[in-house]
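Colleague: Give me the fold of what follows.
(one chain, ligands or ions: 1)
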Amino acid sequence: MTQNNDDQAATPLLDALIAQQKHERISAHVPGHKQGHGLLSTLARYAGPLAQLDATEVPGLDDLHHADGVIAKAQQLAAKAFGTEETYFLVAGSTGGNLAAILAVVDPSDVVIVGRNAHQSVWNALVLAQAQRVSVTPVVWHALQGHAKIAGGLSVTAIQEALVCTKQARALILTSPSYDGFVSDLPAIVQLAHQAGLIVIVDEAHGVHLPFHPQLPMSAIAAGADLVIQSAHKMGAGFTQTAFLHVQGSRVDRLRLQETLRIVQSSSPSYLLMASLDAMRSQLACHGEELLNLTLTELEAQKLRLHEACQGLLVDVLDTAIQDPMKWILHAERLHLTGFELERVLREQFGIYSEYTSEYHVLLSWSYGNATRDFKKTVDALIHVVSQVPSLGRAMSWELRHASMPVSDVLHVLTLHERKAGAFMSLSLAVGHRVVDPVTIYPPGIPLLLPGETFQKEHIEILTPVLDNGIRVDGIVYDEEYQVRCLASL
Ligand SMILES: Cc1ncc(COP(=O)(O)O)c(C=O)c1O
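Modeller: Predicted structure coming up:
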């Protein structure tokens, strides 16, 4: 972590873009909107000044795929700020980062150990890499007096078990923090995996802020992971689709990584997106601790107010070493509401738009970009909702449970070609059959079922309220009734 370091105030890519647009008189190159002049006027009213910076690889602006000028300089500053060896700017989100990282490391038939809570981009990368997988189930928090369950991080013992069962695995792929903000014990896990000769890839899409405040959980970079992917647009102030890929140590072939980055990303990467990464890195390096301090202090104060009004509405089962304080999980069951009902009240009555909703929860995702009054207004709204509940009852307690079989067998990852087989079946007929397509509720984008996994009655119980509330589920089609594609044989 680098704070208040003089050179971190520099924004070489952003500066070069501003200088370029002032200098260039006639654009005889792409993009065709010609510094915004060709835009539809309605769009130009909002995007006009930005479009002036939507440039391409003209002299002086470097080239993301062969960086040796201002982009290289901006990436070096980022590596220094995040405390890693090399950083690559991504314009295809953490999705692109996960694809590039995994394809750079995994060869066909390699076995990889993967946290079962991984985002669909990780599973998609394994399809493209033609890998074999062993999955590890995260721990689960159960509400003792209710029905809610929340997946936590991956336990060191489960990873240890996977390493013992899986000889000659190539890589360990973890998601930390999880979508809900749970962080695994990365220093211990990375050490174990390295001792066993594995490359460690951490999808830290929800953790770009972690290196910049000492009270936040440790980032995978500091924990020694080989490849770390962070969305800049989730927990930081980057434009949507921006992300960083960090690499350190000698285990990863850097040339192959550059090649896979070229394969998965556009040959015309957006300069607006890249400039946003340059600016955000400077902001975090120079002011991150101060900005995060303000946010964390106000969040803590408002959390106490909420606890006083209704203990247990905000799920904080753990200390901040493993639960990111920037993610608030609201336990709607505490108010005798479903998550969908609570989400609707917050949105329709108070204009509060949440990150995602399940039957029992609403997830609020904060960042240093929020005005601190947002937190007070949200807690005011929640206190109002609490006041309308006739009888609250006692706060629920939570219990941590480990899966009885946390580690799967080694499984072949079905290729797209193999996934052509199968027939669509109604959800009730599908029970007991193996699904062909991933079934993924979006958000959070973690497959509920992976190809080859067996559709069970409990999946209908999970999917029905989600589908009834109009939430997108990839892998389910609607043709008079909901259907899923399954292999005909049981
Ligand atoms: C854990 C995780 N990884 C990766 C992604 C993909 O990130 P991006 O939207 O930056 O492509 C997401 C998106 O929600 C995510 O939650």
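Colleague: what residues does this structure put near the ligand?
Modeller: Within the chain, the positions lying close to the ligand (CB under 6 Å from any ligand atom) are 93-95, 119, 121, 175, 179, 203, 205-206, 231, 243, 444-445. Backbone N, C-alpha and C define where each C-beta goes, glycine included.
Colleague: Give me the subset of those lying in helices.
Modeller: Gly93, Ser94, Thr95, Ser121 (DSSP state H).
Colleague: give me the residue from the protein nearest the ligand.
Modeller: Gly93 (2.4 Å; CB to the nearest ligand atom).
Colleague: Contact partners for that residue?
Modeller: Contacts for Gly93 were tallied using CB atoms under 8 Å, 6 or more residues apart in numbering; they are Ala205, Ser231, His233, Thr240, Gln241, Thr242, Ala243.
Colleague: now do 6 Å
Modeller: Counting by CB atoms under 6 Å, 6 or more residues apart in numbering, Gly93 makes contact with Ser231, Gln241, Ala243.
Colleague: SS state for His233?
Modeller: Under DSSP: H, G, I helix; E, B strand; the rest coil, the three-state class of His233 is coil.
Colleague: before we move on, back to that, most neighbours among the contacts of Gly93, please name it.
Modeller: For the contacts of Gly93, neighbours were counted using other CB atoms under 10 Å, and Ala243 has the most, 28 neighbours in all.
Colleague: the domain parsing of this protein - what is it?
Modeller: The record's domain parsing of the chain by automatic domain parsing lists 287-400, 414-486.
Colleague: okay if I get those domains as CSV plus mean neighbour count and mean pLDDT?
Modeller: What follows is those, written out as CSV (neighbours: other CB atoms under 10 Å; pLDDT from 0 to 100):
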stretch, mean neighbour count, mean pLDDT
domain 287-400, 17, 93
domain 414-486, 16, 94
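Colleague: With distance to Pro187 as extra columns, can I get those in CSV?
Modeller: As requested, these are arranged in CSV below (distance: least, CB to CB, whole Å):
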stretch, distance to Pro187
domain 287-400, 11
domain 414-486, 24
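Colleague: Of those, which is nearest Gly146?
Modeller: domain 287-400 (4.5 Å; CB to CB).
Colleague: Turn the ones in helices among the residues of the chain next to the ligand into JSON lines, including pLDDT.
Modeller: Output for those, formatted as JSON lines (pLDDT from 0 to 100):
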{"residue": "Gly93", "pLDDT": "98"}
{"residue": "Ser94", "pLDDT": "98"}
{"residue": "Thr95", "pLDDT": "98"}
{"residue": "Ser121", "pLDDT": "98"}
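Colleague: For ChimeraX, write a command that selects the buried ones of the residues you listed.
Modeller: In ChimeraX, a selection of the buried entries from those looks like this (16 or more other CB atoms under 10 Å):
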select :93,94,95,121
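Colleague: What is the nearest of the ones in helices among the residues of the chain next to the ligand to Val140?
Modeller: Checking those against Val140 by CB to CB gives Ser121 as the nearest, at 23.0 Å.
Colleague: Isn't Gly146 up against Met396?
Modeller: Yes - taking contacts as CB atoms under 6 Å, Gly146 lies within contact range of Met396: 5.2 Å.
Colleague: what residue is smack in the middle of this structure?
Modeller: Most central in the chain under CA atoms, centre = their mean is Ala205, positioned 3.6 Å from the mean C-alpha point.
Colleague: who's in contact with that residue?
Modeller: Contacts here follow CB under 6 Å, 6+ apart; on that basis Ala205 touches Ser94, Ser231, Lys234.
Colleague: Local confidence estimate at it?
Modeller: On pLDDT, Ala205 comes in at 98.
Colleague: So it versus Met326, what's the distance?
Modeller: Per CB to CB, to the nearest Å, Ala205 is found 13 Å from Met326.
Colleague: Count residues in the vicinity of Gly32, would you?
Modeller: 7.
Colleague: Next, it: phi, psi?
Modeller: The phi/psi pair for Gly32 (degrees, to the nearest 10) reads phi -70, psi -10.
Colleague: Which residue comes closest to it once chain neighbours are left out?
Modeller: Leaving aside its sequence neighbours, Gly32 sits nearest to Gly38 (CB to CB, 6 or more residues apart in numbering; 6.2 Å).
Colleague: mind checking the SS state of the one you found?
Modeller: Secondary structure, three-state DSSP: Gly38 is coil.
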